[in-house]
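Enquirer: predicted model, plus sequence, below.
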Amino acid sequence: MWSLRLCNRGIRDLLLRMTTASHRSSTTDAAQMGEISGQDSTEIKPFSQIPGPKGLYNIPFLGTAFHFKPFTKYVPDDLLNVLSDARDKYGDIVKMRMGKDYIVYVYHPDYAKTVFQFPYKEHLRIGLDLSETFHDRSGVPRDLGTLQGDAWAALRKPSQEKMLRPAVVANYVPLIERVTNDFVEELRKKGSVDDLLKELMNYTTESVAMLCFNRRLGYLESNSDTEIVNLITKFFIDFQTSITMPFKTYKLFRTKLYKRFEKTYLDIYRIGKKEISAQRKMLEKLQKEGDLDQYLQDEPNFIYSLLNDTRMTDEKINSVIMSLFIAGIDSTANTIAFVLINLALNPEKQDRLYQEIKETMGDENTLTKEHLAEMSYLKACVKESQRLVFPLMLGAIRYLEEDIVLAGYHIPKNVSIILY
Ligand code: HEM
């Protein structure tokens, strides 16, 4: 399932909050406070006692609506702010009505660890109604973000072997490095930028295009909003709105929201398919001319590796590429934005990182995977920034096949848990 993303407005609100908000608690905080429970059944508190909004907010369907306009200042895709307020008010575990059911939101790394490590037979997630309705109606095959159980595993395994493992991704460093050098050069030429997030989105689109299609889209030079960035932004705004709607009317009718989402997805799909087909033609041409082996030695090619996998069909390849293309752009742009702001707020840490980069790189200009492996402080900065502010609207979403005890509360099986 798609972890939900921050739209530009959401991320800007969050950047503002960062200067004032209290930070997320650390692993040690929880361990010291003995919060991780579950060992002693006498201490287990019932599900009904999990902190969260009370009264009207608990009415099925309608309860969700009270969190948004006209009852509060938040519009429906402002879920992020509603959830940040909830964490400030109720703590590291919160129970809130979302539509018909309760969802448990978890804001603590130790609780997230407990959920991730909980054994499961099938990889199951909450069905995302808008995406599912779209895939069912349009016949467009489901992607990694929307598949469940065995069907998800069948698509995930080949993708993981070829792209989604850190050791494999490292092979793509030279491709991304070229994009990054050009991005830095563009920023240098511009001198200053009005909207860094937009620039970062263009940079990450260009990078993800290199991963997915081995092709540059020419977005770095763009001074205006680019098509993909606009589409991805719209995609996640509509997606977030659909989650917080009390009544999912789009499941019954082709509502305005549904039609807009359908168009956005199909536009992204069209661009993806066009690129995949261009890449296949290029590979066929190289093969005919006897240059393919040399080309593949020079740079990895994700589409080529998928085409040569007997488990993959054309349809599956499209689905995998679509998953990466949609998921990789705003996630990385937001991550970089938060890392930069955290470094700006902590100049002594920024300096330490700068020293590490200088020492590792010496006089070399070309960044390699070996350099990256040496830069442990860089990794620590990214991880710490992600711990302080998770860069997406919501994190992983799970429901478990067995009851679990989390933060001392009993959570019955099949209740959705969102790791924030
Ligand atoms: C720092 C940046 C990123 C963050 C914080 C992030 C975060 C996440 C999270 C929380 C999930 C849900 C995981 C789960 O349900 O267990 C996810 C899924 C996914 N992400 Fe990312 N992601 C990032 C970058 C990327 C990039 C660069 C790509 C692709 C090039 C990508 C592709 C995907 C895909 C395909 C999924 C669905 C996986 C599946 O369900 O099998 N992500 N991401």
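Expert: Cool, got the structure. Numbers count the residues shown, from 1 in each chain.

Enquirer: now residue 163, what's its secondary structure?
Expert: Classification of residue 163 by DSSP: H, G, I helix; E, B strand; the rest coil places it in helix.

Enquirer: and for the nearest residue to it once chain neighbours are set aside, the neighbour number?
Expert: Leaving out its chain neighbours, the residue that sits closest to residue 163 by CB to CB, 6 or more residues apart in numbering is residue 302, at 5.8 Å. (C-beta placed from N, C-alpha, C; glycine too.) If you count neighbours by other CB atoms under 10 Å, residue 302 ends up with 24.

Enquirer: ok now do residue 302, which residues does it touch?
Expert: 162-163, 211-212, 214, 321 (CB atoms under 8 Å, 6 or more residues apart in numbering).

Enquirer: local confidence estimate at it?
Expert: For residue 302, the pLDDT comes out at 89.

Enquirer: next: residue 330.
Expert: So residue 330 comes in at 88 (pLDDT).

Enquirer: number of nearby residues for it?
Expert: Count around residue 330 with other CB under 10 Å applied: 28.

Enquirer: hang on, isn't it packed against residue 201?
Expert: Yes - between residue 330 and residue 201 there is a contact under CB atoms under 8 Å: 6.6 Å.

Enquirer: which residues do these two both contact?
Expert: 232-233.

Enquirer: who in this protein is up against the ligand?
Expert: Neighbours of the ligand within the chain, by CB under 6 Å from any ligand atom: 3, 144-145, 156, 208, 211, 323-324, 327-328, 331-332, 335, 391-392, 395-396.

Enquirer: so which of those residues sit within helices?
Expert: Among the residues of the chain next to the ligand, DSSP state H puts 156, 208, 211, 323-324, 327-328, 331-332, 335 in helices.

Enquirer: any chance of TSV for the residues you listed, columns neighbour count?
Expert: Putting those into TSV (neighbours: other CB atoms under 10 Å) gives the following:
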residue	neighbour count
156	16
208	24
211	19
323	23
324	20
327	19
328	19
331	17
332	18
335	19
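
Enquirer: related to what we said a few turns ago, turn the contacts of residue 302 into a markdown table, including pLDDT.
Expert: Converted to a markdown table, the contacts of residue 302 look like this (pLDDT from 0 to 100):
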| residue | pLDDT |
| --- | --- |
| 162 | 82 |
| 163 | 76 |
| 211 | 90 |
| 212 | 90 |
| 214 | 88 |
| 321 | 88 |
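
Enquirer: which one of those residues is nearest the ligand?
Expert: residue 211 (5.4 Å; CB to the nearest ligand atom).

Enquirer: would you confirm that the closest one contacts residue 175?
Expert: Yes - Residue 211 is in contact with residue 175 according to CB under 8 Å; the separation is 7.2 Å.

Enquirer: let me see the contact set for the residue of the chain found nearest the ligand.
Expert: With distances taken as CB to the nearest ligand atom, the chain approaches the ligand most closely at residue 328, which sits 2.9 Å away. Residues near residue 328 by CB under 8 Å, 6+ apart: 204, 207-208, 211-212.

Enquirer: swap in residue 395?
Expert: Applying CB under 8 Å, 6+ apart, the residues near residue 395 are 3, 112, 418-420.

Enquirer: tell me which of these fall in helices.
Expert: Filtering these for helices - DSSP H - leaves residue 112.

Enquirer: any chance of the contacts of residue 395 in JSON lines, with neighbour count too?
Expert: What follows is the contacts of residue 395, written out as JSON lines (neighbours: other CB under 10 Å):
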{"residue": "3", "neighbour count": "18"}
{"residue": "112", "neighbour count": "21"}
{"residue": "418", "neighbour count": "25"}
{"residue": "419", "neighbour count": "21"}
{"residue": "420", "neighbour count": "22"}
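
Enquirer: show me where pLDDT drops low in this structure?
Expert: 1-42, 127, 223 (pLDDT under 70).

Enquirer: rewinding a little: for the ones in helices among the residues of the chain next to the ligand, work out which two are farthest apart.
Expert: Greatest spatial distance among those (CB to CB): 156 and 335, at 21.9 Å.
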